[in-house]
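Colleague: Sequence plus the predicted model coming up.
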Amino acid sequence: MAYAYLTLLDIAKVSGQDTTVGLIEENLNIAPEVKMFPMRTISGTSFSTVQRVTLASPAFRLPNEGTEPKKSVYANKLVQTYYFDGQLEMDVAIAAADDQGEAHALALEADGIMQGALLKLGSQIWYGTGSGGDTKGFPGAVSVVDSAYVVDAAGTTATTGSSVYGVKLGSNQVTLVGGNNSVFSVGEWTKQYITRSSKELQAWKNSIQGYVGCQWVNKNSVCRIKKLTADSGKGLTDALAADLIALLPANVVPDYWFMTRRSRRQLQASRATATNNDSGAVQYPPTPTEMAGIPIVVTDSLLNTESLTL
């Protein structure tokens, strides 16, 4: 991918606007999953944890009969973090052209790359190293969800697929992980001499860096409805959610559903309309805020263009 630099035109666009209004962001709700997922830090860049696969099961016995010793079965799970890196570079001449000052130009770029980082991590949480994610990042929900906890909506129109995920958050469930006792962050701007087209110039340099991963060690912490498409009758419904909940252990309930705005609209359309007994007017179902009693979170990190092979 080609290098991208802030230009004089970019500065002119920003500086020429009403400073009272300030910068108006189009993405007001940047990656809600990244804001909502808990995050823990670790001393290195990976850790090993233990998953209990099977519980020891005692039995009834008759007097003087005895029973066989039982034990739990365990499995080791490795959680890794991956290096996250976004480079920033601005010609000192560009920064100086900002009529609100160099600090404003630099802060604007730092804020932009932080928001971009949140969007990137949002996509990575769901798509991981597959299509829609980054092959050099951490695994996502699409590859780690247990096949026993997946309901197929059976949509057939290619490239109109979407998924809904039920997720349980927490230190023993799903959480983001920061390596080296840190969370990715934007550093301090420094002036450096750089080379472009074999010529030197002075520029401000910075970056957002850090090791980031996601812990998916408990198979009961994520479930999925897949192949929700634009086909008639293949959108999200309460029945699909009920089918998915029925697959989970009795004591397991997701904390949230994550879905696209289209999936939420499909759910709304699937719910029965009602007639007002007084006026006779048809009342359309309100915008859904929950499904099976579980809150809904709408996110742009999930796509409506998923391949049906996912």
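Modeller: Cool, the structure landed. The structure displayed is predicted, hence computed values, not measured ones.
Colleague: burial count for Val212?
Modeller: 25 (other CB atoms under 10 Å). (Each C-beta comes from the backbone N, C-alpha and C, glycine too.)
Colleague: Can you verify my assumption that it contacts Leu176?
Modeller: Yes. Here Val212 reaches Leu176: they are 6.7 Å apart, a contact under CB atoms under 8 Å.
Colleague: Give me the pLDDT for the residue lying farthest from the centre of the chain.
Modeller: Computed with CA atoms, centre = their mean, the maximum C-alpha offset from the centroid of the chain is found at Asn64, amounting to 57.0 Å. Asn64 carries a pLDDT score of 92 in this model.
Colleague: Surely it is in a strand?
Modeller: No. With DSSP: H, G, I helix; E, B strand; the rest coil as the criterion, Asn64 is located in coil rather than a strand.
Colleague: Look up phi and psi at Ile125.
Modeller: phi -60, psi -40 (degrees, to the nearest 10).
Colleague: Show me the common contact partners of Val212 and Leu176, please.
Modeller: Leu121 (CB atoms under 8 Å, 6 or more residues apart in numbering).
Colleague: mind listing what Thr273 touches?
Modeller: Shown in contact with Thr273 (CB under 8 Å, 6+ apart): Val282, Gln283, Tyr284, Pro285.
Colleague: Dump the residues you listed to a markdown table, plus neighbour count and pLDDT.
Modeller: Below are these laid out as a markdown table (neighbours: other CB atoms under 10 Å; pLDDT from 0 to 100):
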| residue | neighbour count | pLDDT |
| --- | --- | --- |
| Val282 | 9 | 73 |
| Gln283 | 10 | 81 |
| Tyr284 | 11 | 84 |
| Pro285 | 13 | 91 |
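Colleague: List just the nearest of those to Val150.
Modeller: Using CB to CB, Pro285 comes nearest to Val150 of those, at 26.7 Å.
Colleague: Quick check: closest non-adjacent residue to the closest one.
Modeller: In space, and not counting its chain neighbours, Pro285 is closest to Arg271: 4.1 Å by CB to CB, 6 or more residues apart in numbering.
Colleague: Mind jotting down where the helices sit in the protein?
Modeller: 8-15, 32-36, 92-96, 102-127, 141-144, 238-247, 261-270 (DSSP state H).
Colleague: how far away is the spatially closest residue to Trp257 that is not a sequence neighbour from Met36?
Modeller: Once flanking residues are discounted, Trp257 sits nearest to Ile296: 5.0 Å by CB to CB, 6+ apart. Counting by CB to CB, to the nearest Å, the gap from Ile296 to Met36 is 12 Å.
Colleague: and Arg52, how many neighbours does it have?
Modeller: Number of residues near Arg52 (other CB under 10 Å) recorded here: 11.
Colleague: One more: Asp99?
Modeller: 12.
Colleague: tell me the pLDDT at it?
Modeller: Listed pLDDT for Asp99 reads 89.
Colleague: what do you get for Leu310?
Modeller: For Leu310, pLDDT reads 84.
Colleague: quick one: contacts for it?
Modeller: Leu310 neighbours (CB under 8 Å, 6+ apart): Gly130, Ser131, Val142, Gly161, Ser163, Lys226.
Colleague: try 7 Å
Modeller: Taking CB atoms under 7 Å, 6 or more residues apart in numbering, we find Leu310 in contact with Gly130, Val142, Gly161, Lys226.
Colleague: For the residue nearest to Pro285, give me the backbone phi and psi.
Modeller: Per degrees, to the nearest 10, the backbone of Arg271 is at phi -80, psi 140.
Colleague: Check the burial of it by counting its neighbours.
Modeller: 13.
Colleague: if we compare the helices of the chain, which one ends up closest to Gln202?
Modeller: Set against Gln202 and scored by CB to CB, those come closest in helix 92-96, at 4.9 Å.
Colleague: Quick check, central residue of the protein?
Modeller: Centroid-nearest residue in the chain: Gly122, 3.1 Å away (criterion: CA atoms, centre = their mean).
Colleague: picking that back up, more crowded one of Ile296 and Met36?
Modeller: Ile296 (18 against 14).
Colleague: For the more buried one, list the residues it contacts.
Modeller: Per CB under 7 Å, 6+ apart, neighbours of Ile296: Trp257, Met259, Arg264, Pro288, Thr289, Glu290.
Colleague: so where's the protein shaky on pLDDT?
Modeller: 1-28, 274-277 (pLDDT under 70).
Colleague: Give the pairing partners of the strand ranked longest in it; include direction for each.
Modeller: Taking DSSP state E as the criterion, the chain has its longest strand at strand 199-216. Take DSSP bridges as the rule and strand 199-216 pairs in its sheet with strand 82-91 (antiparallel), strand 174-178 (antiparallel), strand 185-186 (antiparallel), strand 190-196 (antiparallel).
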